[in-house]
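Undergrad: Fold the following for me, if possible:
(one chain, ligands or ions: 1)
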Amino acid sequence: MDQSVRSDETGAATGSAAGRRGPAARPRVVLEGVGKEFPSSGGHGLTVLDDIDLVIEDREFLSIVGPSGCGKSTLLRLISGLMPPSRGRVLVDGAVVTGPPPDVGFMFQRDTLMPWATVAQNIGLGLELNGTPKGAHEARIAELLDLLGLAKFRDFLPAALSGGMRQRVALGRLLAYAPALYLMDEPFGALDAMTKMAMGRELLRIWSRYDKSVVFVTHDIEEAVGLSDRVVVMAAHPGRIVSEYVIDLPRPRDFRAVRLLPEFRALCETIWRDIGVE
Ligand SMILES: Nc1ncnc2c1ncn2[C@@H]1O[C@H](COP(=O)(O)OP(=O)(O)OP(=O)(O)O)[C@@H](O)[C@H]1O
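TA: Residues are numbered from 1 along each chain as shown. Here you go, the predicted structure:
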């Protein structure tokens with residue numbers, strides 16, 4: 001792995017998560033020598049992830065980028081406890097993951113909305129799960145519906161929505177749940193550019209205001225650099241980490257304006273080259 005761009009020990013000079021959280025905080029996620037194999041038709045296992053070592057700090061915003069099939073979603077699923085590693089171990093908040101850890105929220109590529117519940121009820125589920133008092137539900141749901149541009153659709157069922165709208169409802173449910181650790185797999189993938197920008201800004205606002213940790217999988221390098229403290233680059237066959245970059249761009253960060261900075265462009269170019277796109 002390219003170590004030259006790793007954070008310094010304290011992160012103080014970079015304004016990164018390590019710098020903000022102080023010296024005593026425990027890492028949020030640790031992957032130690034993690035490998036994952038799936039059975040293949042030939043009888044031999046298919047190695048999807050090989051020897052992954054990764055530490056995600058408390059309050060860090062970390063993105064994972066890499067070509068299709070390099071194991072990004074699998075990595076997220078291992079952290080979420082939805083499947084076990086074949087080798088190594090995964091820890092969240094110091095405990096070995098054996099099932100979905102507490103205070104962790106997921107948003108996967110395919111939305112997992114309740115088909116029989118309305119948009120408002122789907123979002124409200126996040127509030128129920130985190131124990132928000134009933135009396136506060138209406139106001140928070142209305143706020144999120146406004147933010148997501150879904151106010152007119154509050155009583156619609158998921159089947160009557162477009163893919164991008166369903167994705168916004170799933171994001172609304174996650175924002176309503178407001179866990180300590182957000183695991184997000186291409187959460188903005190089906191959104192148009194304008195909504196993407198609004199969602200990116202909202203996610204950054206929530207992340208910085210409420211001290212959340214985020215692991216964010218995306219194909220969009222600009223999105224990754226715009227949002228993150230650190231970007232991890234993976235390669236395929238087998239899936240592995242090939243480089244990582246501390247994103248030393250100013251915080252608080254304007255998700256759109258930051259794209260105009262020359263450092264932003266330079267980072268994106270470097271990451272594109274790592275992925276093999278000149
Ligand atoms: N449950 C499974 N059983 C068998 N193979 C799987 C399973 N899940 C993933 N794979 C395989 O693992 C590899 C990595 O898949 P994964 O979805 O993690 O990649 P990815 O980097 O997230 O891809 P994309 O960017 O296209 O979403 C692929 O070859 C995929 O076919």
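Undergrad: what's in contact with whichever strand or helix holds L171?
TA: Here L171, judged by DSSP states H and E, is contained in helix 163-177. When contacts are defined by CB atoms under 8 Å, 6 or more residues apart in numbering, helix 163-177 is touched by residues 105-107, 111-113, 119, 122-127, 129-130, 132, 140-141, 144-145, 147-150, 153, 158, 161, 182, 184, 187-192, 195, 199, 202, 206. Every C-beta, even on glycine, is put in place using the N, C-alpha and C of the backbone.
Undergrad: can you check stretch 28-45 too?
TA: Under CB under 8 Å, 6+ apart, the answer for stretch 28-45 is 46-60, 71, 74-75, 78-79, 83, 85-93, 180-181, 213, 215, 239.
Undergrad: could you pick out which of those residues are near the ligand?
TA: Intersecting the contacts of stretch 28-45 with the surroundings of the ligand, defined as CB under 6 Å from any ligand atom, gives V48, G71, T74.
Undergrad: Sitting in helices, which of those residues do you find?
TA: T74 (DSSP state H).
Undergrad: closest to R253 among the ones next to the ligand among the contacts of stretch 28-45?
TA: G71 (28.2 Å; CB to CB).
Undergrad: That closest one contacts M234, correct?
TA: Yes: G71 is within contact range of M234, at 6.6 Å (criterion: CB atoms under 8 Å).
Undergrad: what does the chain put close to the ligand?
TA: F38, V48, G66, S68, G69, C70, G71, K72, S73, T74.
Undergrad: 5 Å instead?
TA: By CB under 5 Å from any ligand atom, the residues of the chain that approach the ligand are F38, V48, S68, G69, C70, G71, K72, S73, T74.
Undergrad: So for the second one, what's the pLDDT?
TA: Confidence at V48, expressed as pLDDT, is 94.
Undergrad: Can you name every helix or strand that whichever strand or helix holds W272 contacts?
TA: Element membership of W272 [criterion: DSSP H and E] is helix 262-275. Counting contacts by 3 or more CB pairs under 8 Å, 6 or more residues apart in numbering; DSSP states H and E, helix 262-275 is packed against helix 221-227, strand 230-235, strand 240-246.
Undergrad: Which of those sits closest to A257?
TA: When the helices and strands packed on helix 262-275 are ranked by proximity to A257 (CB to CB), helix 221-227 comes first, at 9.6 Å.
Undergrad: What helices and strands are in contact with the closest one?
TA: strand 61-65, helix 193-209, strand 213-217, strand 230-235, helix 262-275.
Undergrad: Output that helix as CSV, restricted to C-alpha atoms.
TA: Extracted as CSV, the C-alpha positions of helix 221-227 are listed here (Å, rounded to 0.1, in the frame of the first residue of the first chain):
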residue,chain,number,x,y,z
ILE,A,221,-14.3,10.0,-6.9
GLU,A,222,-15.3,13.7,-6.7
GLU,A,223,-18.0,12.7,-4.2
ALA,A,224,-15.5,10.8,-2.1
VAL,A,225,-12.9,13.5,-2.1
GLY,A,226,-15.6,16.2,-1.4
LEU,A,227,-17.0,14.5,1.6
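Undergrad: what is the rounded mean pLDDT of that helix?
TA: In this model, helix 221-227 has an average pLDDT of 95.
Undergrad: cool, stretch 188-202 as well?
TA: 84.
Undergrad: So which bits of it are buried?
TA: F188, G189, A190, L191, T195, K196, M197, A198, M199, G200, R201, E202 (16 or more other CB atoms under 10 Å).
Undergrad: Tell me which residues touch the third one, please.
TA: With contacts defined as CB under 8 Å, 6+ apart, the neighbours of A190 are G163, G164, R166, Q167.
Undergrad: Which residue ranges make up the domains of the protein?
TA: Domains of the chain are assigned by automatic domain parsing as 1-103+180-278, 114-178.
Undergrad: Could you report the separation of the residue positioned nearest the centre of the chain from G200?
TA: Geometric centre of the chain, nearest residue: F216, 2.2 Å, by CA atoms, centre = their mean. Per CB to CB, to the nearest Å, F216 is found 10 Å from G200.
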